[in-house]
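Engineer: Quick check, what structure comes out for this input:
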Amino acid sequence: MGRSREAGWVAGLVLGAGACYCVYRLAWGSEKSRKMATACESRGCPAGAGLTLLQRASRLPVVSSPSSPAEDNCTKSSTILDAQHLKKLICLLESTEDPLMRERALITLGNSAAFSINQDIIRNLDGLSVIGNILKDPNPKVKEKALNALNNLSMNVLNQREIKIYISQICEETISSPLNSNVQLAGLRLLTNMTVTNDYQHLIANSISDLFNLLSVGNENTKIQTLKVLLNLSANPTMARELLSVQVPSSLISLFVGNIENEILLRVLTLFLNLNYSIKQKENEFAQDQFDNDSLFCLLYGESTECTEKLLSLLYHHDVKVREKVAKIITML
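Structural biologist: As a prediction, this is how the structure comes out:
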């Protein structure tokens, strides 16, 4: 059945039921669901195995690791959707603009994508482009769920090759979203996954300055998620010049203080250390006169002694890991 024809069929069914029940009917049917619930109970499966498709899948966590926790066969049978069910969910996304239905369908697809087998199926059904196009949806909840779904799908190398065409838009949505919002955090998590390898890091080069701004003004969660992206970039020596050249707020220096959260401080020091390693590898390529006064390079390595003074004070930090990192940085300056 063609996609447009199937989408029309899905839309017709939607008119007669609520969003959850509609997807439930599409994917399983009430008769099959009751039989599965009975069969699961007889095998000692956990409670909830007979819930509707959306209810079952939406109870799964949206994960950020390539492999899902081990589960018994009964749990898998009620949470992993096959190609037919995934296709109908994708058709539903294409055929409706209702925010609630989109949000629930995206949650289900995103949770299904926690399983590697479904990551390939969704790609082969052209689901990546369907979800990617929904990033334009003005509803922030829908946009967040689309980013979360792509985040799970990005655990797959082949999927990353398709998701890369949306990186510019992902950066735009992340930076322009309200500060510390769920959409912003979802975008940062996706950018973290997309920059784990060096393959697509250059695609976010134009957003590096904005990321440092987020690092400066964001709350603790935003700072940590932003640092994860920047750390991925700093681990790649070919990105060092891009990082050191960007304009950064002078307030960034306030991150080198002892009373900041350890999870943030250790990441900031690791970022500094990674840049030191890159500079040492190609020392002749990094001279101060090559960088603007408001660049990251001048903030860290410029004539001002403020950064060095803050580092020296951290030598007395209560955490041994902080002291060790600071000592390494100072010996390389």
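Engineer: Only C-alpha atoms from now on, for both contacts and neighbour counts.
Structural biologist: OK.
Engineer: So, low pLDDT: which residues of the stretch 51-200 of the chain?
Structural biologist: Scanning the stretch 51-200 of the chain for pLDDT under 70 picks out the ranges 51-80.
Engineer: which residues in the stretch 151-300 of the chain form helices?
Structural biologist: Counting by DSSP state H, counting those that start in this stretch, the segments of the stretch 151-300 of the chain that form helices are 157-163, 167-176, 182-194, 208-217, 220-234, 240-245, 262-281, 296-301.
Engineer: deepest of those helices, which one?
Structural biologist: helix 182-194 (a mean of 25; mean count of other CA atoms under 10 Å).
Engineer: okay, the helices of the stretch 151-300 of the chain in TSV with distance to residue 200 next?
Structural biologist: Shown next, in TSV, are those (distance: least, CA to CA, whole Å):
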stretch	distance to residue 200
helix 157-163	9
helix 167-176	9
helix 182-194	7
helix 208-217	13
helix 220-234	10
helix 240-245	14
helix 262-281	19
helix 296-301	22
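Engineer: mind checking which of those is nearest residue 332?
Structural biologist: With respect to residue 332, and counting by CA to CA, the nearest of those is helix 262-281 at 6.8 Å.
Engineer: Send me the closest one as PDB with only the CA atoms.
Structural biologist: Output of helix 262-281 as PDB, limited to C-alpha atoms (Å, rounded to 0.1, in the frame of the first residue of the first chain):
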ATOM      1  CA  ASN A 262      32.700  19.400  40.600                       C
ATOM      2  CA  GLU A 263      30.900  17.900  37.600                       C
ATOM      3  CA  ILE A 264      31.200  21.200  35.800                       C
ATOM      4  CA  LEU A 265      34.700  22.100  37.000                       C
ATOM      5  CA  LEU A 266      36.300  18.800  36.000                       C
ATOM      6  CA  ARG A 267      34.800  19.000  32.500                       C
ATOM      7  CA  VAL A 268      36.000  22.600  32.100                       C
ATOM      8  CA  LEU A 269      39.500  21.600  33.200                       C
ATOM      9  CA  THR A 270      39.400  18.600  30.800                       C
ATOM     10  CA  LEU A 271      38.400  21.000  28.000                       C
ATOM     11  CA  PHE A 272      41.400  23.200  28.900                       C
ATOM     12  CA  LEU A 273      43.700  20.200  29.000                       C
ATOM     13  CA  ASN A 274      42.600  18.900  25.700                       C
ATOM     14  CA  LEU A 275      43.300  22.200  24.100                       C
ATOM     15  CA  ASN A 276      46.700  22.200  25.700                       C
ATOM     16  CA  TYR A 277      47.500  18.900  24.100                       C
ATOM     17  CA  SER A 278      46.400  20.200  20.700                       C
ATOM     18  CA  ILE A 279      48.600  23.300  21.000                       C
ATOM     19  CA  LYS A 280      51.600  21.300  22.000                       C
ATOM     20  CA  GLN A 281      51.200  19.000  19.000                       C
END
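Engineer: Now do that helix against helix 220-234, angle only.
Structural biologist: Put simply, helix 262-281 runs at 20 degrees to helix 220-234, going by axes from the mean of the first three to the mean of the last three CA atoms, to 10 degrees.
Engineer: Output the contacting helices and strands for helix 262-281.
Structural biologist: Contacts defined by 3 or more CA pairs under 8 Å, 6 or more residues apart in numbering; DSSP states H and E place helix 262-281 against helix 220-234, helix 240-245, helix 320-332.
Engineer: OK, contacts around residue 234?
Structural biologist: 240, 243, 271, 274-275 (CA atoms under 8 Å, 6 or more residues apart in numbering).
Engineer: 6 Å instead, please
Structural biologist: By CA atoms under 6 Å, 6 or more residues apart in numbering, the residues touching residue 234 are residue 274.
Engineer: hmm, back to that, kindly state which of the helices of the stretch 151-300 of the chain is positioned closest to residue 126.
Structural biologist: Of all the helices of the stretch 151-300 of the chain, it is helix 157-163 that lies closest to residue 126, at 9.9 Å by CA to CA.
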